[in-house]
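S.K.: Sequence and predicted model, in that order:
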Amino acid sequence: MIVRDVRPGSIAGEAGLKAGDIVLEINGFRMFDALDYRFYGGDDFITFLVRRGGETLLFEIEKEPGEDAGLVFDEVKLGKCGNDCVFCFVDQNPPGLREPLYFRDGDYRFSFMYGNFVTLTNVGPKALERIIRLRMSPMYVSVHATDVPTRMRLMGLRKDDRLLDKLQKLHDGGIDMHTQVVLCPGWNDGAVLEKTVDDLWLLRDHVVSLAVVPVGVTRHRRGLPRLEPVTPAYARALIDRVEWWQETRFRPGKGTNWMYPSDEFYLLAGRELPGAEFYDDFPQVENGVGLSRQFLDAFMEEERDFPDGLRAPRRLILATGALAFPFMKEVVAHRLSAIRNLEVTLVPVENTLFGKTVTVSGLLSGACFAEGLRSHAAGDLLLLPPDCVNTDGVFLDDRDPDWLSRKLGVRAMVFRGSWTEALERLGA
């Protein structure tokens with residue numbers, strides 16, 4: 001690991017470390033990447049074994065607990081996934097999207113750092129030991145199936161990757177794991193899902209949650225194995241089964257619901273979304289498990305402060321994906337329409353990028369919004385779903401809300417969690 005910079009006035013700088021130094025070991029352990037620095041760098045006393053030119057030097061640093069020593073390294077480079085899953089969304093992407101969307105992520109370090117789900121297929125004994133040694137907990141693991149033939153067929157594996165042995169080792173090492181199954185009708189459901197649940201339940205001391213997410217099927221599957229999307233009837237049967245497990249096994253055995261269908265199952269089934277207590281501490285909200293409930297609860301909490309009316313007539317356009325349209329209409333649009341001088345138009349936007357089978361708002365592109373809102377653009381403010389742009393503020397097709405504003409001739413804003421802010425923009 002090459003030191004790229006030493007922060008001015010830092011302890012490392014005062015000790016004599018310099019940019020260009022190669023750190024070989026930290027506290028006697030080989031320096032593999034910046035995670036080692038983050039882990040051992042929190043100690044009160046740190047030793048750096050450094051190569052500088054032809055010399056090997058030892059630096060000893062004593063500091064306050066948690067204080068950064070001041071070394072700067074390159075960012076951790078993302079490792080690729082080695083699987084060839086039949087449902088991989090990367091393979092279903094059309095051309096013209098952001099470049100990172102064509103990259104298959106399979107790096108266990110990013111699972112710990114950012115909550116990325118990984119299969120552990122390319123994780124060997126040394127990596128497992130490192131996860132345990134560095135206390136990289138929790139990890140987020142895509143299981144999909146524990147039945148070996150199904151797992152191999154589903155994920156394009158040439159041999160058994162011994163997932164259960166890996167999970168057992170992490171379990172015994174005290175590493176908590178959040179797991180998921182992408183459910184593909186006819187592939188890993190039925191008896192295969194039963195086995196997966198049974199196997200993971202045996203590790204429940206550290207497998208702290210299991211999410212079930214429906215497979216995403218786009219219209220760009222030419223040359224790929226046939227996959228059937230989840231139907232409303234299928235979603236209802238899955239929910240019934242999971243709720244039976246929760247009642248008879250998970251809550252009595254662990255005190256939590258443990259296994260959670262994603263929001264898509266409830267919305268597809270036409271079922272009412274469960275209350276917040278169903279999701280315990282929302283362990284997989286970033287995986288779409290309970291996200292809709294959090295959104296609705298936040299809305300109902302904030303609506304108490306809504307004004308009775310606006311100073312002048314205003315028109316608000318709400319854009320949403322087809323899946324969320326029913327509850328957005330019943331709860332959000334209905335309540336906002338009660339504000340005097342506020343006309344609310346709720347528009348379900350069809351996914352012209354991936355096809356009609358993809359109905360979540362997070363996979364709508366700038367072009368989807370432009371097409372779907374073309375005949376609804378007469379308004380004072382267009383409010384877009386919060387998950388339709390990335391952290392850089394751009395849609396899947398690299399366009400941004402400013403582009404959409406110019407295209408439609410209406411001010412477009414991504415919802416950032418505050419309805420009060422949106423109403424203020426309208427002149428509340």
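M.R.: Now that the structure is in, tell me what you want to look at.
S.K.: any idea how the protein splits into domains?
M.R.: 5-72, 89-229, 306-426 (automatic domain parsing).
S.K.: distance between the ends of the longest one?
M.R.: For domain 89-229, the first and last residues are 13 Å from each other (CA to CA, to the nearest Å).
S.K.: So S209, which state does it fall into?
M.R.: At S209 the chain is in strand, as set by DSSP: H, G, I helix; E, B strand; the rest coil.
S.K.: Isn't it up against F250?
M.R.: No. Assessed by CB atoms under 8 Å, S209 is found out of contact with F250, at 10.2 Å. Just so you know, the C-beta spots here come from the backbone N, C-alpha and C atoms, and that holds for glycine as well.
S.K.: between these two, what contacts are shared?
M.R.: Here S209 and F250 share the contacting residues T256, W258, M259, scored by CB atoms under 8 Å, 6 or more residues apart in numbering.
S.K.: ok, the second one touching R204?
M.R.: So that's W258. Yes. With contact defined as CB under 8 Å, W258 counts as touching R204 (6.9 Å).
S.K.: what's the spacing between the helix or strand harbouring F110 and its chain's center?
M.R.: Element membership of F110, judged by DSSP states H and E, is helix 108-114. Using CA atoms, centre = their mean, to the nearest Å, the distance from the centre of helix 108-114 to the centre of the chain it belongs to is 12 Å.
S.K.: got it, and stretch 229-236?
M.R.: Centroid separation for stretch 229-236 versus its chain: 23 Å, with CA atoms, centre = their mean.
S.K.: V208 and T121: what is the separation?
M.R.: Note on V208: its distance to T121, by CB to CB, to the nearest Å, is 22 Å.
S.K.: show me the contacts for V242.
M.R.: Neighbouring residues of V242 by CB under 8 Å, 6+ apart: V212, M259, Y260, P261.
S.K.: Around the second one, how many other residues sit close by?
M.R.: When you say that, I think you mean M259. The number of residues packed near M259 is 21, by other CB atoms under 10 Å.
S.K.: Check the last one too.
M.R.: Around P261 sit 24 other residues, with neighbours defined as other CB under 10 Å.
S.K.: Describe which strands the lengthiest strand in the chain pairs with in its sheet and in which direction.
M.R.: Scanning the chain for the longest strand, with DSSP state E as the assignment, gives strand 309-321. Strand pairing for strand 309-321, using DSSP bridges, gives strand 340-349 (parallel), strand 381-384 (parallel).
S.K.: Mind listing residues that contact the following helix or strand past it?
M.R.: Following strand 309-321 in sequence order, the next helix or strand is helix 325-327 (DSSP H and E). The contact list for helix 325-327, computed with CB under 8 Å, 6+ apart, reads L267, G270, L273, S292, L296, L346, P348.
S.K.: For PyMOL, what selects the buried ones among those?
M.R.: To isolate the buried ones among these in PyMOL, judged by 16 or more other CB atoms under 10 Å, type:
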select buried, resi 267+273+292+296+346+348
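S.K.: would JSON lines of the contacts of helix 325-327 with pLDDT, distance to L224 and secondary structure be doable?
M.R.: Shown next, in JSON lines, are the contacts of helix 325-327 (pLDDT from 0 to 100; distance: CB to CB, whole Å; DSSP: H, G, I helix; E, B strand; the rest coil):
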{"residue": "L267", "pLDDT": "96", "distance to L224": "26", "secondary structure": "helix"}
{"residue": "G270", "pLDDT": "94", "distance to L224": "29", "secondary structure": "coil"}
{"residue": "L273", "pLDDT": "96", "distance to L224": "32", "secondary structure": "coil"}
{"residue": "S292", "pLDDT": "95", "distance to L224": "29", "secondary structure": "helix"}
{"residue": "L296", "pLDDT": "95", "distance to L224": "36", "secondary structure": "helix"}
{"residue": "L346", "pLDDT": "96", "distance to L224": "34", "secondary structure": "strand"}
{"residue": "P348", "pLDDT": "96", "distance to L224": "28", "secondary structure": "strand"}
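S.K.: No further queries at this time; thank you.
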